[in-house]
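*Asks:* Just the structure for this:
(one chain, ligands or ions: 1)
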Amino acid sequence: MSNFSDALKKVSKAGKLLEEDVSILESPQRVIGVSFPTSIGGQTRVISGYRVQYNNARGPFKGGIRFHHSVDLDEVKTLALLMAVKCAVVNVPFGGGKGGVVIDPRGLSSGDLEGVSRGFIRELKDVVGEKKDVPAPDVYTSPQVMAWMLDEYEKITGKHAPGVITGKPLELGGSEGRSYATALGGFFVLDFFRKFLKEKRFSVAVQGFGNAGSHVARILWENGHKVVAVSDSKGGVYDVNGLNVPSIIEAKNDKGSVQSFKSKNISNDDLLGLKVDVLVLSAMENTVHKGNVSNVKSRIVLELANGPITSDADSVLEKQGITVIPDVLANAGGVAVSYFEWVQNLQGFYWSEDEVNQKLKVLMDNASQSIIKTKAEFDTSFRIAAFVLGVKKILDAEKLRGRI
Ligand code: GLU
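*Replies:* As a prediction, the model looks like this:
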């Protein structure tokens with residue numbers, strides 16, 4: 001079964017609970033497929049990519065662009081739908097979209113990466129815009145990639161338009177706090193649940209040590225939680241008494257892997273099986289699946305990546321009584337601060353880091369509160385509660401516009 005049909009099942013469950021017709025959300029409003037030639041290692045190669053504009057009833061399409069060799073349309077459609085739900089859940093005035101380019105950017109020269117970035121946005125020049133569709137970074141794209149895309153777009157249109165893309169470097173209109181916003185948002189959500197559960201301190205294992213994973217490990221450590229294990233694609237490190245996260249970040253920056261930090265080495269599967277309070281999933285999609293879900297021993301799972309648990313694994317976790325805090329809430333801090341960045345760009349007036357982080361906390365606390373309330377009201381999982389909340393907001397907007 002494809003990820004997209006799995007995601008649609010959640011929409012349909014939400015529709016049933018709401019007693020609403022959700023057919024408008026069963027397919028994206030627009031799918032754009034492009035291919036363009038670019039130079040890779042001195043040779044011309046034709047690269048393909050997609051932009052899926054899922055729904056814009058609540059505001060401009062919004063969502064990141066990923067560069068990954070396994071990108072396909074099913075994945076981009078799924079992620080675009082998740083973005084529509086996510087923006088509604090945290091109540092930012094955006095719809096949902098997503099982009100993907102089929103390329104492995106690791107090992108590309110900076111010049112070739114720039115060529116791919118400029119080439120892709122050139123293909124999308126007519127469909128993106130400050131008030132139309134606002135891309136951002138995602139897996140293997142960075143503020144530098146956003147800077148090249150912004151520059152290319154502005155060159156074509158002949159005017160400054162910093163709000164056409166978010167996750168930019170600060171020098172080009174990026175927002176304070178955006179670089180670690182996904183992690184901080186996830187932390188605020190977890191902290192809200194911690195207080196709700198009346199708990200003090202968590203033991204935590206973090207799978208994935210990219211932007212989201214490394215920052216969340218650091219933030220949890222700074223806030224007195226015990227981070228006992230972290231891992232990247234090469235494997236992990238473990239210490240029952242807690243790891244010194246800043247030293248691991250240093251080791252990873254110096255030598256490229258968390259295992260270069262001196263501590264007991266473990267595999268990614270070992271990390272999933274640790275008996276901790278919280279397992280943070282911040283790697284890629286589908287990392288917890290039917291084959292390894294029975295290993296999971298944590299009480300809570302925080303989905304910092306998009307779609308890290310397959311739907312059959314999700315049902316197993318639910319049956320076992322493991323609380324899953326779903327991606328559309330847990331990782332919404334990224335798009336929330338993208339929204340703040342966009343607001344600052346449109347008004348041309350910029351906020352301090354403290355101001356951004358305080359505003360983020362308010363958004364994440366409100367969304368967490370609403371999901372806890374919706375879960376109780378509909379007697380369902382947190383994931384379906386999030387879909388109920390998000391789908392309802394999108395349908396309300398669609399009705400007011402007279403589209404349904
Ligand atoms: N790529 C991030 C996400 O999946 C951020 C999207 C954005 O800021 O638009 O939520």
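*Asks:* where does the stretch 201-350 of the chain have low pLDDT?
*Replies:* Within the stretch 201-350 of the chain, no range satisfies pLDDT under 70.
*Asks:* could you list every residue that touches the residue nearest to residue 303 when sequence neighbours are not counted?
*Replies:* Nearest residue to residue 303, sequence neighbours excluded (CB to CB, 6 or more residues apart in numbering): residue 327, at 4.1 Å. Heads up, the C-betas are built off the backbone N, CA and C, glycines and all. Residue 327 is in contact with 82, 86, 303, 304, 305, 306, 307, 308, counting by CB atoms under 8 Å, 6 or more residues apart in numbering.
*Asks:* Make a PyMOL selection of whichever of these turn out to be buried.
*Replies:* Buried members of these, defined by 16 or more other CB atoms under 10 Å, are picked up in PyMOL with:
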select buried, resi 82+86+303+304+305+306+307+308
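*Asks:* Please identify which pair of the contacts of residue 327 lies farthest apart.
*Replies:* Using CB to CB, the two most remote members of these are 86 and 308, lying 14.4 Å apart.
*Asks:* Pull out the buried positions in the helix or strand hosting residue 371.
*Replies:* Assigned by DSSP states H and E, residue 371 belongs to helix 353-378. Residues 356-357, 359-361, 363-364, 367-368, 370-371, 374-375, 378 are the ones in helix 353-378 that count as buried (16+ other CB under 10 Å).
*Asks:* what's the answer for stretch 55-69, then?
*Replies:* So for stretch 55-69, counting by 16+ other CB under 10 Å, buried means 55-68.
*Asks:* can you give me the strands for this structure?
*Replies:* Remark: strands assigned in the chain by DSSP state E are 30-40, 43-55, 61-68, 96-102, 133-137, 203-207, 226-232, 235-238, 264-266, 278-281, 300-303, 323-325.
*Asks:* beta partners of whichever residue of the stretch 51-200 of the chain sits closest to the ligand?
*Replies:* Nearest residue of the stretch 51-200 of the chain to the ligand (CB to the nearest ligand atom) works out as residue 64 at 2.8 Å. Beta bridges link residue 64 to residue 136, judged by DSSP bridges.
*Asks:* isn't it right up against residue 133?
*Replies:* No - when contacts are counted by CB atoms under 8 Å, residue 64 is not listed as touching residue 133 (11.8 Å).
*Asks:* Find the residues that touch each one of these two.
*Replies:* Residues touching both residue 64 and residue 133 (CB under 8 Å, 6+ apart): none.
*Asks:* Next to the ligand, which bits of this protein? Give me the list.
*Replies:* Applying CB under 6 Å from any ligand atom, we find that the chain lies next to the ligand at 62, 63, 64, 136, 138, 166, 167, 306, 331, 334, 335, 338.
*Asks:* Please identify which of the residues you listed is nearest to residue 179.
*Replies:* Nearest to residue 179 among these, counting by CB to CB, is residue 167 at 8.3 Å.
*Asks:* What number of residues are in the vicinity of that closest one?
*Replies:* Using other CB atoms under 10 Å, residue 167 is surrounded by 26 other residues.
*Asks:* Next up, the contacts around it.
*Replies:* By CB under 8 Å, 6+ apart, the contact set of residue 167 is 64, 136, 137, 143, 146, 174, 178, 334, 338, 341.
*Asks:* Likewise for residue 322?
*Replies:* Contacts for residue 322 (CB under 8 Å, 6+ apart) come out as 296, 298, 299, 300, 301.
*Asks:* for residue 59, same thing?
*Replies:* Counting by CB under 8 Å, 6+ apart, residue 59 touches 87, 92, 93, 94, 95.
*Asks:* Which two among those are spaced furthest apart?
*Replies:* Spatial extent of those (CB to CB) is set by the pair 92 and 95 at 10.2 Å.
*Asks:* More neighbours: which of these two?
*Replies:* Ranked by neighbour count (other CB under 10 Å), residue 92 and residue 95 place residue 95 first, with 25 against 22.
*Asks:* which ones are touching that one?
*Replies:* Residue 95 makes contacts with 53-62, 83-84, 87, 394, as judged by CB under 8 Å, 6+ apart.
*Asks:* ok, 7 Å please
*Replies:* For residue 95, the contacting residues are 54, 55, 56, 57, 58, 59, 60, 61, 62, 84, 87, by CB atoms under 7 Å, 6 or more residues apart in numbering.
*Asks:* same deal with residue 178?
*Replies:* Contact partners of residue 178, counting by CB under 7 Å, 6+ apart, are 167, 337, 338, 341.
*Asks:* Ignoring the adjacent residues along the chain, who's closest to it?
*Replies:* residue 337 (4.8 Å).
*Asks:* So the one you found is in contact with residue 176, correct?
*Replies:* No - if you go by CB atoms under 7 Å, residue 337 and residue 176 don't touch, sitting 8.8 Å apart.
*Asks:* Now do the shared contacts for those two.
*Replies:* Common neighbours of residue 337 and residue 176 (criterion: CB under 7 Å, 6+ apart): residue 356.
*Asks:* which of those two has more neighbours?
*Replies:* residue 337 (30 against 19).
*Asks:* still on that earlier bit, widest-spaced pair of the contacts of residue 167?
*Replies:* Across the contacts of residue 167, the longest distance by CB to CB is 14.4 Å; it joins 64 and 174.
*Asks:* OK, now which residue of the stretch 201-350 of the chain is nearest to the ligand?
*Replies:* Here the stretch 201-350 of the chain gets closest to the ligand at one residue, residue 338, 3.2 Å apart by CB to the nearest ligand atom.
*Asks:* Tell me how many other residues crowd that residue.
*Replies:* 29.
*Asks:* Next up, the contacts around it.
*Replies:* 136, 166, 167, 178 are the contacts of residue 338 under CB under 7 Å, 6+ apart.
*Asks:* Many thanks, I have nothing further to ask.
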